[in-house]
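Engineer: Fold the following and give me the result.
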Amino acid sequence: MLTRLAEGAAPLVAELGRAIARRRPRFAVLAARGSSDHAAIFGKYLLETQAGLVASLAAPSVYSVYERSPDVRDALAIGISQSGQSPDIVSAIDGARRGGALALAVTNDEASPLARVADLVLPLGVGPERSIAATKTFTAELLALSLLVGAVTGADPGPARRVGEHVAHALDAAERTLAGLSLGDAASPVVVVGRGYSFPIALEIALKLREVGVRNAQGFSAADLLHGHIAAVHAGTAAILAGAAGPTLPSLLDCAAALRTRGARTVVMSDAPELRQSADVAVPVQAATESLAAIPIAVVGQWLALQDAVARGLDPDRPPGLVKIVRTV
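Structural biologist: Numbers count the residues shown, from 1 in each chain. Below is the predicted model:
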């Protein structure tokens with residue numbers, strides 16, 4: 001699926017990259033909800049570190065509830081939505097376009113309201129999302145944003161085209177390592193930690209644990225956790241660390257050491273051997289770059305949420321209180 005997206009979308013992504021480069025946006029605004037909001041945070045890291053654009057997350061209610069249109073002239077406005085049907089995201093992108101931004105929709109439905117109000121559309125094209133909790137569309141959003149930013153900057157698309165292979169290897173490792181794993185009883189808190197590109201992945205893994213496993217799970221930046229939240233970690237707390245080799249690795253190693261000191265049980269998913277070596281459970285991943293490592297790590301996190309739910313007798317296809325499409329106004 002991801003290989004098909006990387007290869008099949010290449011001509012369109014190149015065209016979108018040229019269209020964005022011609023407009024020379026001064027900054028970017030991203031609008032999304034739920035899992036797509038975590039993809040938007042990932043996109044913010046890509047835009048700021050690789051394209052040199054200041055990027056912010058829109059507050060969709062500014063457009064939909066307060067009916068205000070901030071000055072977004074010379075901006076790139078990106079709406080990210082699996083279904084493209086959430087009215088507030090549509091309002092945000094429509095309002096940004098009317099306010100002078102170049103509006104781009106990243107969605108799995110080319111005929112959706114979001115796609116119709118945008119100037120440009122990057123379709124995910126991964127087929128219907130049959131899982132109630134977004135899984136393949138989330139990873140497709142990560143890859144689509146990576147391809148898009150790479151096209152804007154003129155980066156070599158080769159590494160992104162290997163993501164499907166790396167995801168397959170990561171999933172094989174997760175199936176072997178995490179089979180039957182439970183993170184403890186239902187009352188046990190779970191902390192999920194990342195930094196940089198893996199921070200939004202930590203947020204997404206925590207969301208999946210809440211959605212599918214009805215867990216008290218929270219995602220943190222490693223820096224924020226060490227600033228005070230770690231005080232709530234005690235012996236037996238389950239701690240998941242998602243991280244990749246790169247500039248953020250030292251802070252993740254510090255965080256892992258602090259969690260072990262407090263008696264936490266650690267699960268690590270990473271391409272960095274030094275982060276994996278002292279974990280109670282470790283899942284190795286492969287990646288061509290630090291940013292692309294986020295995608296196989298996300299898949300391992302999805303598999304972990306599935307295994308944890310099944311081990312506790314829950315039906316991951318019928319999570320309580322969750323519906324396929326949420327239309328927030």
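
Engineer: Okay, strands next: where are they in this structure?
Structural biologist: Under the criterion DSSP state E, the chain contains strands at 27-31, 54-57, 75-81, 102-107, 120-123, 190-194, 217-221, 238-243, 265-270, 281-284.

Engineer: Out of the ones you listed, which is closest to residue 165?
Structural biologist: Of all the strands of the chain, it is strand 281-284 that lies closest to residue 165, at 14.3 Å by Cβ to Cβ. For the C-beta atoms, the positions are set from N, CA and C on the backbone; glycine is no exception.

Engineer: what packs against the closest one?
Structural biologist: Contacting strand 281-284 under the criterion 3 or more Cβ pairs under 8 Å, 6 or more residues apart in numbering; DSSP states H and E are the following elements: helix 163-178, strand 265-270, helix 273-276.

Engineer: if we can go back for a sec, could I get the strands of the chain as a markdown table with distance to residue 294 and mean pLDDT?
Structural biologist: Converted to a markdown table, the strands of the chain look like this (distance: least, Cβ to Cβ, whole Å; pLDDT from 0 to 100):
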| stretch | distance to residue 294 | mean pLDDT |
| --- | --- | --- |
| strand 27-31 | 16 | 98 |
| strand 54-57 | 16 | 98 |
| strand 75-81 | 15 | 98 |
| strand 102-107 | 16 | 98 |
| strand 120-123 | 18 | 98 |
| strand 190-194 | 9 | 97 |
| strand 217-221 | 13 | 96 |
| strand 238-243 | 8 | 97 |
| strand 265-270 | 11 | 97 |
| strand 281-284 | 14 | 97 |
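
Engineer: can you put those in CSV and add mean neighbour count and distance to residue 38?
Structural biologist: Listed next are those as CSV, based on neighbours: other Cβ atoms under 10 Å; distance: least, Cβ to Cβ, whole Å:
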stretch, mean neighbour count, distance to residue 38
strand 27-31, 25, 11
strand 54-57, 16, 11
strand 75-81, 29, 10
strand 102-107, 26, 13
strand 120-123, 21, 18
strand 190-194, 28, 10
strand 217-221, 22, 9
strand 238-243, 30, 12
strand 265-270, 25, 16
strand 281-284, 20, 20
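
Engineer: nearest to residue 166, of those strands?
Structural biologist: strand 281-284 (10.8 Å).

Engineer: so how far is the closest one off the chain centroid?
Structural biologist: With Cα atoms, centre = their mean, to the nearest Å as the basis, strand 281-284 stands 20 Å off its chain's centre.

Engineer: Walk me through which strands it pairs with, and which way each runs.
Structural biologist: strand 265-270 (parallel) (DSSP bridges).

Engineer: Let me have the strand it pairs with in PDB, keeping just the CA atoms, if that works.
Structural biologist: Extracted in PDB, the C-alpha atoms of strand 265-270 (Å, rounded to 0.1, in the frame of the first residue of the first chain):
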ATOM      1  CA  ARG A 265       8.400  -1.400  32.500                       C
ATOM      2  CA  THR A 266       9.700  -0.200  29.100                       C
ATOM      3  CA  VAL A 267       8.800  -1.100  25.600                       C
ATOM      4  CA  VAL A 268      11.000   0.500  23.000                       C
ATOM      5  CA  MET A 269      10.400   0.700  19.200                       C
ATOM      6  CA  SER A 270      13.500   2.200  17.400                       C
END
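
Engineer: Residues contacting it, please?
Structural biologist: Contacts to strand 265-270, defined as Cβ atoms under 8 Å, 6 or more residues apart in numbering, come from residues 170, 174, 181, 183-184, 236-245, 252, 256, 259-260, 275-276, 278-285, 293, 297, 300-301, 304.

Engineer: ok so, going back, now the helices and strands packed on strand 281-284 as CSV including distance to residue 231?
Structural biologist: Output for the helices and strands packed on strand 281-284, formatted as CSV (distance: least, Cβ to Cβ, whole Å):
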stretch, distance to residue 231
helix 163-178, 28
strand 265-270, 17
helix 273-276, 23
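
Engineer: Out of those, indicate the one that is most buried.
Structural biologist: strand 265-270 (a mean of 25; mean count of other Cβ atoms under 10 Å).

Engineer: related to what we said a few turns ago, looking at the helices and strands packed on strand 281-284, spot the one closest to residue 79.
Structural biologist: helix 163-178 (23.0 Å).
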